Each structure stands twice: as C-alpha cells, then as structure tokens.
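# Next comes the sequence, and after it the predicted model I'd like to discuss.
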Amino acid sequence: MKKLSFRRMLPSKILVMSFIVIILIGTFFLSLPFSTNPTEHISVLTALFTATSAVSVTGLSLVDVSKVFSPFGKVVILILIQLGGLGIMTFSTLVFTLIGKQISYQERKILKEDLNSYTIGGVIKFLKRIVLIVIIIEMIGAFFLTLGFYETMPLEKAVVYGIFHSISAFCNAGFSLFSDSLVGFANNRTITFTVAILITLGGIGFAVINSTISYYKTGRKTYNLTSQLAIYITLILTIGGTIAFFVFERNNPGTIGNMGIVDSINNSFFQSVTTRTAGFNSIPMENMKPETLFLFLILMFIGASPGSTGGGLKTTTFGIIMFYVVTVIRNEKDVVIRNRRVPWEVLHRAMAILIISILYVMIVVFLILMTNEMTSIKDLADAILTGGHSIASSNLTLDKVLFEVISAFATVGVSQGITSDLNMFGRILLIITMLIGRVGPLTFMLAFSEKIKVRPYKYPEENILIG
C-alpha cells in the first residue's frame, strides 16, 4: 500500500517533501550542543532557520555563522548547502546508482522535476555528468580561493576557507565564514572575481553548462532555445547591473567611491552577479544609495536560470514575458524567439509564476509588518478577528521588509540587517518563503493540488474588455 501510494504521488509533492525532510534532519544536527561553540547557544527555531537557509541555498541567518557554530556545525551547514545546491533527489539518486540500485520510472520523473529537465530519457546520464562537472568546478574554485586567502592567513586555514566558500559560491548559498561576508576582501581581485565566476556558473543552470560542453566537444550547434535565452538574459542583467552599480555608487565614499577604477569596476561586477542569486557582498549594504537598493530588488526578483542552484523568477521566465510584451505591442499572433515559436502553454506557465510570485511577496510583507510587535498566537488571533494591527518598529520599515522578503524568496541572502530583528512569526514566514523560493512557487503549489483533470466539454467563449 505504501509503495502504491508513493507511485501515485505527484513528483512535485515528493520533491517538496524531500526538502522538508532534509531541513528537519539538518535542524536536529544543528540543535546538538557540539554544533555551536561552548559559549554560544541557539534555539530550535534558529537551528531550523539556519538549516532552511542552507538547504534552500539562501544565506540569510539569525546569528553570525562564523562565530556561533563550531567546526562540526559549519560542516553540517556545508553539507546542507551542497545537498540543496545539487538537489536532494539528485544526490540520493546518485548514491543509489553508485551502489547498483535500479532507478524506477517514478524516481526518474522526480529527478526530471528536480533537474528541471525536458525528458525522462537520458536523465541518469545527465545526472552523472552534472555531478562530475560540479566537483571539477568547485575544486578549481577552491584552488584559486585558497590562493587568495593564503595572502592573509596560514595555508591550512586558507584551504578550509577556500573549500567552504567555493561550495557556498557555486551553490549560490552566500554563507561566509567572515562576519562581514567578503567586505574585508573587496580589494582582493582573486577572491572577488573567482567567487563571481563560481556564482555565475552555478546560477546559469546545469543544462546550459552541459550544452556548452557538448558544443565544444562535438563541434555541433547543440544549444537549445532555453540555453540561448538563459545566456543572453544573464549577460544583459550582469553587464547592465555592473554599469548601473558603477554609475550609482562611483561617487559614494561609503562603497566604491574611494577605490581605484579597476577595483571599482571589479566590485561593481561582483555585486551585480552576487545580488541576483548568491548573497555575498563586498560592499557594506547599509552604505548603498536608495537607487542602488532598488536596482538590487529588481535583480534579486529575476534571479538565476532554471535548473540551477539559484532561485527567483528565473531569467528565462523574465525573458519570455518580455518577448510576450513586445509581441502584444507589435500586434503579432505568436511569440517568436530566434525563429522559434514559443508554445502558449509555456507563456501561461511564465505568467502564472510571475503573478504567484508577486502576490506571495506582497502577502508575506504585509503579514510581517502586521505581526511585527506580536509575541503570541493570541496577539495574532486578536489582530485577525478585530482587524487591528501593530505599528512596525523604526527598524522594520516597508522598504527593508520588502528587501528581506524578496531576498528570501529569490534565495539570495543579502540583507539590510533586519533578519535578527524579526519576531517568531516573521522568522517562520521567512523559513516558508525560503523553501518555496528553492523549489519554485508554481512547483510548491502544484505539489498540494490535484492531478490535472480534463473536462469532456467546453464553455461558450466571451470577450472581456481590458486595458
């Protein structure tokens, strides 16, 4: 009966459940006394928040990871980051494959959902190649980061820090072993450039990396439309973000104003890359201008590419919607990208993701502001029943809460320093937001919906005036 029930479950539901299970396991290990330093102690909620942030590769934290957690706790966080970056089902399938277990059709469907692949056929071969690629990229990244860290610390420590930050960067997690993220290394071009490249490779999507390798290996044009769109939108956002950040902050002495031209451009590039997906920062966030923070909101919301270690709306979703807008303006019938007609089902899905994402962010921001000064379930119930609300403290302003929620939803991890100021309700809302952001809002909703039902009839059609 249990086996039959598992086979009938939607792949999206199993995928969501796998993330929840690994988060709970991570919470257990992080709650152990030896996961924190002797003078530190964290609550179960803090352990849950940290585990969710690691598995969802977000990077938000209620405590200073570098000071609170012991070496064992940091290893647990690193394992959770790697699991979250690769995907729970991807990692478990790899283990089963290595020990000789046959992968069932249902498990292949789940793996297809986890990898955001087109088809089930060849998914195991694709998985093995992806894992090998990840290992090679992280090893190369760790080597260069070790060289960068070795300039300021002993070799043994530099190696450990190199490995940790390489995995954290490629998985777009944003966790750092430094209290100020990478602000202290703003002028170290080896570290900032390496981290930016790792983030880009992790956020571009496994399918794109695989297509690129096949392109140069076979010499044939194997790039599909998804890979092309992901690369073009990524380049546009990265270059555009770099230029905008440089223009906005060039005369700001609190950020890049006192740097030389090369370091200014390098840090502008770094922030443009990391803001969309990862959450590292080489510049103090509190010193940035309002227009720069608004730019960050846009970049964070768009996020990384599908089938990657990052979250957000996704580059291809944003690209398809932009092409659709152009199609409407031109009064054309079909959405055409590079001489290929995009099915309307894809556009419907893209629009659904956009609307769900906007509505979800709006609701969470409202709930956090409403429940900011509430300390119990009774306070929350009274507010809902009576229509009352509490005024947020001066630190939890609308702009900062919006920034925090989008950062959590897009699994970015950059913060304006209000994470620890949130009460229990706010922290729980961010935990849920990070989980939804990792698996995808539409995937999360489909996990708890019924299977597709096709009506044997159609209703009469009628136009509605809009615009």
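Arrived safely.

# domains of the protein?
For the chain, automatic domain parsing gives the domain ranges 9-115, 354-409+418-450.

# what is the mean pLDDT for the last one?
Going back to what we said before, that points to domain 354-409+418-450. In this model, domain 354-409+418-450 has a mean pLDDT of 80.

# now do stretch 189-196
95.

# same check, this time on stretch 266-283
92.

# Using PDB, write down the CA coordinates of that stretch.
Extracted in PDB, the C-alpha atoms of stretch 266-283 (Å, rounded to 0.1, in the frame of the first residue of the first chain):
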ATOM      1  CA  ASN A 266      35.500  44.700 -10.300                       C
ATOM      2  CA  ASN A 267      33.300  45.300  -7.200                       C
ATOM      3  CA  SER A 268      30.500  46.600  -9.400                       C
ATOM      4  CA  PHE A 269      30.700  43.300 -11.400                       C
ATOM      5  CA  PHE A 270      30.800  41.300  -8.200                       C
ATOM      6  CA  GLN A 271      27.800  43.000  -6.700                       C
ATOM      7  CA  SER A 272      25.800  42.700 -10.000                       C
ATOM      8  CA  VAL A 273      26.500  38.900 -10.100                       C
ATOM      9  CA  THR A 274      26.000  38.100  -6.400                       C
ATOM     10  CA  THR A 275      22.900  40.200  -5.900                       C
ATOM     11  CA  ARG A 276      20.800  38.200  -8.300                       C
ATOM     12  CA  THR A 277      21.500  34.800  -6.800                       C
ATOM     13  CA  ALA A 278      24.100  34.400  -4.100                       C
ATOM     14  CA  GLY A 279      24.100  36.900  -1.300                       C
ATOM     15  CA  PHE A 280      27.800  37.600  -0.800                       C
ATOM     16  CA  ASN A 281      28.700  41.300  -0.500                       C
ATOM     17  CA  SER A 282      32.000  43.100  -0.800                       C
ATOM     18  CA  ILE A 283      30.400  46.500  -0.100                       C
END
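
# Now find how far off-centre the helix or strand containing residue 350 is within its chain.
Using DSSP states H and E, residue 350 sits in helix 344-370. With C-alpha atoms, centre = their mean, to the nearest Å as the basis, helix 344-370 stands 16 Å off its chain's centre.

# For it, buried residues please.
Residues of helix 344-370 classed as buried by neighbour count (16 or more other C-beta atoms under 10 Å): 347, 350, 353-354, 356-357, 360-361, 364-365, 367-370. Yep, even glycine has a C-beta here, placed from its N, CA and C like the rest.

# so which of the residues you listed would you say is closest to residue 273?
Nearest to residue 273 among the buried residues of helix 344-370 is residue 357, at 21.5 Å by C-beta to C-beta.

# The closest one against residue 313, yeah?
Yes. If you go by C-beta atoms under 8 Å, residue 357 and residue 313 touch, sitting 5.8 Å apart.

# Quickly list what's touching both of these two.
Common neighbours of residue 357 and residue 313 (criterion: C-beta atoms under 8 Å, 6 or more residues apart in numbering): residue 301.

# List the contacts of residue 427.
For residue 427, the contact set (C-beta under 8 Å, 6+ apart) comprises 45, 49, 62.

# hey, where'd the strands end up in the stretch 251-400 of the chain?
For the stretch 251-400 of the chain, strands defined by DSSP state E, counting those that start in this stretch occupy the ranges 336-337, 340-341.

# Among these, show me which one is buried the most.
Most buried of the strands of the stretch 251-400 of the chain by mean neighbour count (mean count of other C-beta atoms under 10 Å) is strand 336-337; its value is a mean of 14.

# and that strand, which strands flank it?
Paired neighbours of strand 336-337 in the sheet (DSSP bridges): strand 340-341 (antiparallel).

# got a list of contacts for the partner strand?
By C-beta under 8 Å, 6+ apart, the residues outside strand 340-341 that reach it are 225, 334, 335.
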